[in-house]
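> below is the structure, and that's it, no one-letter string:
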């Protein structure tokens, strides 16, 4: 293994490859910040550029683009509450309040940059040490386990709900699940809830729902709060974190990095589940802190940021060692590898060790360069929030709608988005949380597929899985996460009823 | 302003969700199943039925036992809000006719005006400048958005 790591350093540490990592990170960051263009689009746009290079250099460039695009997506999440990709939704929970309400956009972006770097570095070290072994472990997960892991992700919605609002969060989760069923059921090949409309055959896109419920509804809420009538407070663009702050973040990013990497290794799980789980875990561990989670807590920002970056690294494990793309982005990367004439799989690190180890080591350098590249940019990016609100609000609305239009070129999507945004504003006025809606929507399709597969494999008898320790552990965690907060809420209500009545 | 001890807005919202999930369950029955899939345990209807049952039970539980309702203030800002929503609907309706660059510029100009900006230069800078730069960037990346029938005439 040491030989492999040294070979990886030897491959990456050439002037050409260092410049390629740097160029990839820069291009990925810029493209990732554009509305509607996430890591998949960024990599797809850059693939033709890589054809002139040897496979290891091409993959090094694409890995840099991947990292850069994820970080670029986080920037728009933090500054304008517009998560362009599912992996950066959880970043907006505390990143946006920290940047807007607390007036610390520089610090929020710097926290995200440090957390991404730390999470990515933890994952890169894990990847170097354990990639071949972890690939075998990830294969032991069966459909039922994936299903239960996603149910666990959903039951953790209670982590996003305020005290006493757990039922609200569950209602929103079910609404998200229901919206995920709109469109064509790919397995059965039948249309569901399309009401004969061609525009709904492909279902509702994630981007449309995310932009409608987060970015657009936030812009409309700004109007209701009268922010366009007030002068803009000068945002603090300083990005220095104090030593106690960095010390308090260290365990958070370590946990986020490890959790993110392990979830990222599982095919199909990816950065989204990793970031939500990490956020939920951190909120549980933090208890009552000031500022509270959801109101600009630094740990609430660092946890999902470190996890989503680590999960990106983790997703390379099944890609490189098994040839299984764990996400849409790694599927595009698999296509690029095959185009170079390389077949990823168990023999990759025997047959082409320079590609295997070169990509792994470039992950570390990608993280490092991303940090050095983005820190100087942060003060400039943070100035975005100094734009007067009478211009910023229309701009947020415009960029959100452009993002969706660029994907589908269908004006029906824009009309649907306006309806969803107005509906979201009404629900936000009634203090219904939006995050569980989006989480339910993201996990809905995967949940149904895995339940269907689990039933098929077990001949329609789910008790078949109860013999497996992994399944039992996941079931226990689900029961605990579901009953704990609900019992707490019920207990408090009963106590309150007893004291008043 | 409406808020009372009965928590009426929250209860009504819970009931509205209950009705929504019942309707969802009703329409689940309309999903077409072929002869073979009707005999399967897990069909295209199974997961939606699970959601309908879970959602309606949770919504009903919420209507019975709602959380404390926040105070909602209705004032003149609602008029501005409504105007912006009308603008967004108009933008989404006219984008095919006017084309992306022209309709986007008009949307930004009108949006800024509704929200209180009266100076021509900043309005033009945002309305024309931002759309122009973005459009050029997208062309540079190989993403071509056609200007539309009226947009072509304007060009």
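Looks like it came in fine. Keep in mind the model is a prediction, meaning the values are calculated, not measured.

> mean confidence for the helix or strand hosting residue A:71?
If you go by DSSP states H and E, residue A:71 is part of helix A:55-80. The pLDDT scores in helix A:55-80 average 84.

> could you pull out the buried residues of it?
For helix A:55-80, burial by neighbour count (16 or more other Cβ atoms under 10 Å in any protein chain shown) applies to A:55-80. All C-beta spots, glycine's among them, are computed from the backbone N, C-alpha and C.

> show me the contacts for whichever residue of the stretch 401-501 of chain A sits closest to chain B.
The minimum distance from the stretch 401-501 of chain A to chain B, using Cβ to the nearest Cβ, falls at residue A:414 (3.5 Å). Shown in contact with residue A:414 (Cβ atoms under 8 Å, 6 or more residues apart in numbering or on different chains): A:401, A:404, A:405, B:88, B:91, B:92, B:95.

> now, these that are in helices?
Judged by DSSP state H, those include A:401, A:404, A:405, B:88, B:91, B:92, B:95 as members of helices.

> is the second one in contact with residue A:207, as I believe?
Yes - with contact defined as Cβ atoms under 8 Å, residue A:404 counts as touching residue A:207 (5.6 Å).

> for residue A:205, grab phi and psi.
Main-chain dihedrals, residue A:205, degrees, to the nearest 10: phi -80, psi 150.

> run a quick neighbour tally on it.
The local packing of residue A:205 (other Cβ atoms under 10 Å in any protein chain shown) involves 18 other residues.

> test my guess that residue A:334 contacts residue A:318.
No - using Cβ under 8 Å as the test, residue A:334 is too far from residue A:318 to be in contact (10.0 Å).

> run a quick neighbour tally on the residue of the stretch 1-150 of chain A found nearest chain B.
Here the stretch 1-150 of chain A gets closest to chain B at one residue, residue A:45, 6.1 Å apart by Cβ to the nearest Cβ. Using other Cβ under 10 Å, residue A:45 is surrounded by 18 other residues.

> okay, residue 118: pLDDT?
No chain in the question, so chain A it is. 90.

> meant chain B actually
For residue B:118, the model assigns a pLDDT of 88.

> roughly how far is the helix or strand that the helix holding residue A:71 is followed by from the heart of the chain?
Next helix or strand after helix A:55-80 toward the C-terminus (DSSP H and E): helix A:89-100. Remark: helix A:89-100 is offset 13 Å from the chain centroid, using Cα atoms, centre = their mean, to the nearest Å.

> mind listing what's buried along the next helix or strand after helix A:89-100?
Downstream of helix A:89-100, the first helix or strand assigned by DSSP H and E is helix A:105-138. Across helix A:105-138, burial judged by 16+ other Cβ under 10 Å covers A:105-124, A:126-128, A:131-132, A:134-135, A:138.

> I'd assumed residue A:309 was in contact with residue A:122.
No - using Cβ under 8 Å, residue A:122 makes no contact with residue A:309, being 9.3 Å away.

> so what sits against both of those two?
residue A:257.

> need the helices for chain B, in chain order.
Along chain B, counting by DSSP H, helices occupy B:8-28, B:46-64, B:77-98, B:100-114, B:120-124, B:131-140, B:149-154.

> out of the ones you listed, nearest to residue A:465?
helix B:46-64 (17.7 Å; Cβ to Cβ).

> that closest one near chain A at all?
Yes - Helix B:46-64 reaches chain A (Cβ under 8 Å from any Cβ of the partner chain) through B:47, B:48, B:51, B:52, B:54, B:55, B:58, B:59, B:61, B:62.

> and which of those residues is nearest residue A:191?
So of the residues of helix B:46-64 next to chain A, ranked by how close each gets to residue A:191 (Cβ to Cβ), first place is residue B:48, at 12.3 Å.

> show me the shaky parts of chain B.
B:1-5, B:72, B:150-155 (pLDDT under 70).

> same thing but at 50, please
By pLDDT under 50, the low-scoring segments of chain B are B:1-3.

> doesn't residue A:30 make contact with residue A:75?
No - the criterion here is Cβ under 8 Å, and residue A:75 misses it with residue A:30 at 10.2 Å.

> how many other residues sit next to the closest residue to residue B:54 other than its chain neighbours?
Among residues not flanking residue B:54 along the chain, residue A:174 sits closest, at 5.5 Å (Cβ to Cβ, 6 or more residues apart in numbering or on different chains). Neighbour count of residue A:174, defined by other Cβ under 10 Å: 28.
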